[in-house]
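Q: only geometry, no sequence info:
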């Protein structure tokens, strides 16, 4: 008789879509993310809408996997729709929206009831252990408690907010002790004052405060499809914080998206490495956001590349020195100093302590809504620490800002690097007509294209 593990393996192989080579390649591709995030702290936050929509169990399974991979997790839940339902059932007319709102005694009791129910649902979900499910053999401890000290909002513009509160401080030492032991900290949207009073908190504010206090690697907001979209309706997968603040100032975003983006920007400004808006309506969205290059949501980052800037004529010599070794071994087409000087405005450079150690060029072909990325180079001594990824993201952002919808590269030796980052192989006929004319057929460069 076969063991359960053998049955699972056989059923996977019998499935028409099972592709061993593809699985192995994918597993190897995610390995760098696994290494990078082991031991890092993620704060994952979601509203009561996720629970109402029946997405809790799937999320818990994915979070359990992250925990097994060594990610330290702090989970923050909201309960707004459940509180509103309790208020409605008890005959009260008030309903809560986004943010901090006046909370009377009756609303506070409803908030306590709703938070307690959701907390128990979360603990029950983490306690699953049925064979042949993602929770099989999982032993995930969830610990909640009085980690949050709150203060009353008080009277604002003549309005008494009563039992509505804001975060005064978090017991980060106790929280770190819990997550360092492999358990998950669970925070409900309630806080307590030194006098023993309870206050209703906004989930988004609590999650942001926790991420800042813990210096988290990531703050992940799971939303109802509230991501930032480009003009063509596709998800804007990465925003510099300054760009996020600009979008917020323009006032064109819907209220919910703007609310989440405001907290994401605040978190990044205060030291959180990455803040994400991820749609929970997409199955496995947390895993896709973390373990794929482009993700499925909007990521807000501080513009950490303080040394990434447009190239100047004075930089031409340094760019030439970067390019020459690759021209000599045939990786790059020989350009010559005069050509680089002529096209210097297409280049951006990475500079540290006066030393230029990386560059990339973006050449627009806007009549066909395309742009070419060329000369993506990082000096050998600086390779392996993510600068190539940073230059790629910068080139994508620059191409989008020009109005390009597709970014293409020509390469003879680095095709796999681009394929792993979302580029798809094309042909000469896919290039802009002007670029086809100047294509060097003797080099036989491969064409790779990525939709922006």
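A: Great, that's in hand. None of the values given here were measured: they were computed from a predicted structure.

Q: What is the burial count for the nearest residue to residue 420 once chain neighbours are set aside?
A: Residue nearest to residue 420 in three dimensions, not counting chain neighbours: residue 29, with 6.1 Å by Cβ to Cβ, 6 or more residues apart in numbering. For glycine as for every other residue, the C-beta is placed from the backbone atoms N, C-alpha and C. Neighbours of residue 29 under the rule other Cβ atoms under 10 Å: 13.

Q: Just the element for residue 29, please.
A: For residue 29, the host element (DSSP states H and E) is helix 20-37.

Q: same question for stretch 56-68, mean pLDDT?
A: Average pLDDT, stretch 56-68: 94.

Q: can you list the domains in the chain?
A: 18-301, 308-451 (automatic domain parsing).

Q: so which of these is the most packed in?
A: Neighbour counts (mean count of other Cβ atoms under 10 Å) averaged over each of the domains of the chain peak at domain 18-301, with a mean of 18.

Q: any weak-confidence spans in the stretch 251-400 of the chain?
A: Low-confidence segments of the stretch 251-400 of the chain, defined by pLDDT under 70: 303-306, 353, 384-385.

Q: rerun at 50
A: Where the stretch 251-400 of the chain drops to pLDDT under 50, the residues are 304-306.

Q: before we move on, what about the stretch 51-200 of the chain?
A: For the stretch 51-200 of the chain, applying pLDDT under 50 flags no range at all.

Q: What ranges does it have for its helices?
A: Listed in chain order, the helices of the stretch 51-200 of the chain (DSSP state H, counting those that start in this stretch) span 56-68, 80-89, 105-126, 172-180.

Q: The shortest one packs against which elements?
A: Same thing as helix 172-180. Judged by 3 or more Cβ pairs under 8 Å, 6 or more residues apart in numbering; DSSP states H and E, helix 172-180 is in contact with strand 72-77, strand 184-187, helix 203-214.

Q: still on that earlier bit, which residues does the helix holding residue 29 contact?
A: Helix 20-37 has contacts (Cβ atoms under 8 Å, 6 or more residues apart in numbering) with 69-71, 217, 290-291, 420.

Q: Now render those residues as JSON lines, adding distance to residue 414.
A: What follows is these, written out as JSON lines (distance: Cβ to Cβ, whole Å):
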{"residue": "69", "distance to residue 414": "29"}
{"residue": "70", "distance to residue 414": "31"}
{"residue": "71", "distance to residue 414": "31"}
{"residue": "217", "distance to residue 414": "28"}
{"residue": "290", "distance to residue 414": "25"}
{"residue": "291", "distance to residue 414": "22"}
{"residue": "420", "distance to residue 414": "10"}
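
Q: Bridge partners for the residue nearest to residue 358 when sequence neighbours are not counted, pull those for me.
A: Excluding its sequence neighbours, the residue lying closest to residue 358 (Cβ to Cβ, 6+ apart) is residue 350, at 3.5 Å. Using DSSP bridges, the beta-bridge partners of residue 350 come out as residue 308, residue 358.

Q: Is it correct that residue 350 is in contact with residue 359?
A: Yes - using Cβ atoms under 8 Å, residue 350 is in contact with residue 359, at 7.0 Å.

Q: any residues in contact with both of these two?
A: Common contact partners of residue 350 and residue 359 (Cβ under 8 Å, 6+ apart): residue 391.

Q: looking at it, residue 285 is touching residue 279, isn't it?
A: Yes - look at residue 285 against residue 279 with Cβ under 8 Å: they come within range, at 5.6 Å.

Q: any common contacting residues for those two?
A: 222, 296-297.

Q: Columns distance to residue 389 on top of the helices of the stretch 51-200 of the chain, output as TSV?
A: Written out in TSV, the entries for the helices of the stretch 51-200 of the chain read as follows (distance: least, Cβ to Cβ, whole Å):
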stretch	distance to residue 389
helix 56-68	21
helix 80-89	37
helix 105-126	33
helix 172-180	27
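
Q: Is it correct that residue 221 falls within a helix?
A: No - applying DSSP: H, G, I helix; E, B strand; the rest coil, one finds residue 221 to be strand, outside a helix.

Q: how close does it sit to residue 211?
A: Residue 221 is 10 Å from residue 211, where distance means Cβ to Cβ, to the nearest Å.

Q: which residues do these two both contact?
A: Both residue 221 and residue 211 are contacted by residue 275, under the criterion Cβ under 8 Å, 6+ apart.

Q: mind listing what the closest residue to residue 180 other than its chain neighbours touches?
A: Excluding the flanking residues, the one nearest residue 180 by Cβ to Cβ, 6+ apart is residue 72, at 7.2 Å. Contacts of residue 72 were listed using Cβ under 8 Å, 6+ apart, and they are 39-42, 179-180.

Q: Please name the bridge partners of residue 72.
A: Going by DSSP bridges, residue 72 forms beta bridges with residue 41.

Q: cool, and the one 4 residues further on?
A: Residues found in beta-bridge contact with residue 76 (criterion: DSSP bridges) are residue 45, residue 187.

Q: Please name the residues that touch it.
A: Per Cβ under 8 Å, 6+ apart, neighbours of residue 76: 43-46, 186-187, 189, 203, 206-207, 210.

Q: Residue 99 now?
A: Counting by Cβ under 8 Å, 6+ apart, residue 99 makes contact with 202, 204, 259.

Q: Check residue 408 too.
A: Taking Cβ under 8 Å, 6+ apart as the criterion, residue 408 is in contact with 370-373, 426, 430-431, 447-450.

Q: could you dump these to CSV with distance to residue 397?
A: Shown next, in CSV, are those (distance: Cβ to Cβ, whole Å):
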residue, distance to residue 397
370, 16
371, 11
372, 15
373, 12
426, 22
430, 22
431, 22
447, 22
448, 18
449, 17
450, 13
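
Q: Among those, find me the one that's closest to residue 123.
A: Top of the list for closeness to residue 123, among the contacts of residue 408 and by Cβ to Cβ, is residue 450 at 42.8 Å.
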